[in-house]
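S.K.: Quick one, fold the following:
(one chain, ligands or ions: 2)
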Amino acid sequence: RRQALSKYRDIECSTQDHHRIQLMANITSLNDVARLAQFGIDGIGLFRTEFLLMDATRVPDEKAQFTQYYNAIHLLAGKTITIRTLDIGADKEFACLPNKQQEDNPALGIRGIRYSLKHKALLRSQLRAVLRVAEFGSVRLMFPMVTQAEELDELLAEVAICQQQLQQEGKKFGELQLGIVVETPAAVLNLASMLPKLDFISIGSNDLAQYTLAADRTNLALAADYPAFCPAVLQLINMTVQTAKQAGVSCSLCGEMASDSRIAPILVGMGLEELSINPAAIPEVKALLCEGNYQQFCDLARQALACKRISELESLLVSCKLPS
Ligand code: PEP
Ligand code: MG
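M.R.: Ligands and ions are numbered 1, 2, ... in the order given. The predicted model follows:
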């Protein structure tokens with residue numbers, strides 16, 4: 001089986017009827033990047049930069065961040081990297097951050113860009129480092145937890161300020177593709193007004209499920225009854241894909257469900273042309289996508305979207321006849 005899976009390592013991810021899918025990796029450290037060559041991917045669809053803060057006694061400055069991103073770009077040898085700005089807060093707490101205030105509901109609190117916009121020196125150090133490495137490769141920058149247009153405007157203004165600063169300092173920087181993680185119902189509903197300002201979006205289905213179902217993603221007592229692969233979340237994913245398509249903005253999905261080889265084909269059938277998944281899941285997901293037919297995936301997606309209950313979706317996953 002392992003041999004069969006490695007068969008697809010060096011070829012592009014495309015279905016039997018020649019539908020091309022960008023298969024990207026989610027990574028949390030530089031070590032992950034070094035290991036990616038063995039899998040055969042199109043790039044990194046989610047670089048969780050919180051790794052910079054893990055075990056750190058001090059927050060890394062612009063120079064330290066630049067070095068880390070530069071090393072990742074070097075290892076990727078021309079492939080795209082999608083760097084997500086720090087997603088601090090909720091279950092992502094770090095000792096090196098000063099005075100993070102206690103909150104009664106941290107998942108609904110100062111998290112992701114809400115934190116970044118309150119700590120602009122930290123945000124700017126990250127934006128400047130990313131802008132500077134963009135000179136050396138194909139770099140996408142994405143913002144987590146954006147829910148409404150005002151936040152996006154403020155973030156884009158920050159990017160513009162950093163570009164101006166770098167220019168005035170005579171420092172080189174490159175072109176960036178800008179995107180947001182769509183991971184709240186509000187982001188889905190407000191998407192159309194934000195898309196004209198974006199180059200891409202990526203659906204964060206882990207948080208989209210948490211915020212849609214009002215079910216804490218870290219609470220194991222809820223996991224079985226509130227799966228991300230459920231009718232409500234699928235409808236929101238579908239809305240997002242359709243809205244992005246209408247605006248001509250490319251749309252990816254980087255949540256855990258894309259790493260499930262039974263679900264990935266359904267997501268492709270819904271119109272997602274890019275999936276970003278855990279490195280360990282790449283061989284299996286890639287083999288399934290390469291051995292299947294896009295038309296078959298579209299049928300599956302139609303069936304999935306017609307399901308009204310979690311149990312119907314579960315039956316669909318069991319019954320769908322994909323090559324194995
Ligand atoms: C998500 O929310 O689906 C996601 C990909 O990001 P994270 O799991 O880091 O919140
Ligand atoms: Mg998230």
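
S.K.: And the residue nearest the centre of the protein?
M.R.: Nearest residue to the geometric centre of the chain (C-alpha atoms, centre = their mean): Cys254, 3.7 Å.

S.K.: mind showing which ranges of the stretch 1-150 of the chain have poor pLDDT?
M.R.: 1-5, 90-93, 98-99 (pLDDT under 70).

S.K.: who's in contact with the residue nearest to the centre of the chain?
M.R.: 24, 26, 45-46, 181, 202-205, 275-277 (C-beta atoms under 8 Å, 6 or more residues apart in numbering). Yep, even glycine has a C-beta here, placed from its N, CA and C like the rest.

S.K.: Same question for Asp61.
M.R.: With contacts defined as C-beta under 8 Å, 6+ apart, Asp61 is in contact with Ser125.

S.K.: How about the one 5 residues further on?
M.R.: With contact set as C-beta under 8 Å, 6+ apart, Phe66 has these partners: 129, 132-133.

S.K.: rerun at 6 Å
M.R.: Taking C-beta atoms under 6 Å, 6 or more residues apart in numbering, we find Phe66 in contact with 129, 132.

S.K.: I'd like to know how far the residue nearest to the centre of the chain sits from Lys120.
M.R.: Cys254 sits 26 Å away from Lys120, taking C-beta to C-beta, to the nearest Å as the criterion.

S.K.: Pick the one among the contacts of Cys254 closest to ligand 1.
M.R.: Gly204 (3.0 Å; C-beta to the nearest ligand atom).

S.K.: contacting residues around the longest helix along the chain?
M.R.: Across the chain, the longest stretch assigned as helix under DSSP state H is helix 149-168. For helix 149-168, the surrounding residues in contact (C-beta under 6 Å, 6+ apart) are 113, 117, 124, 127-128, 131, 143, 146, 173, 193-194.

S.K.: Where helices are concerned, which of these count?
M.R.: Per DSSP H, helices hold the following members of the contacts of helix 149-168: 113, 117, 124, 127-128, 131, 193-194.

S.K.: ok, His19 - contacts?
M.R.: By C-beta under 6 Å, 6+ apart, the contact list for His19 reads Tyr294.

S.K.: Now Ser29. Its backbone dihedrals?
M.R.: With angles defined as degrees, to the nearest 10, Ser29 sits at phi -160, psi 170.

S.K.: Just give me the neighbour total for it.
M.R.: Applying other C-beta atoms under 10 Å, we find 15 residues neighbouring Ser29.

S.K.: what about the closest residue to it other than its chain neighbours, neighbour count?
M.R.: In this structure, Ser29 finds its nearest non-sequential neighbour in Phe51, 4.7 Å apart by C-beta to C-beta, 6 or more residues apart in numbering. Using other C-beta under 10 Å, the number of residues around Phe51 comes to 16.
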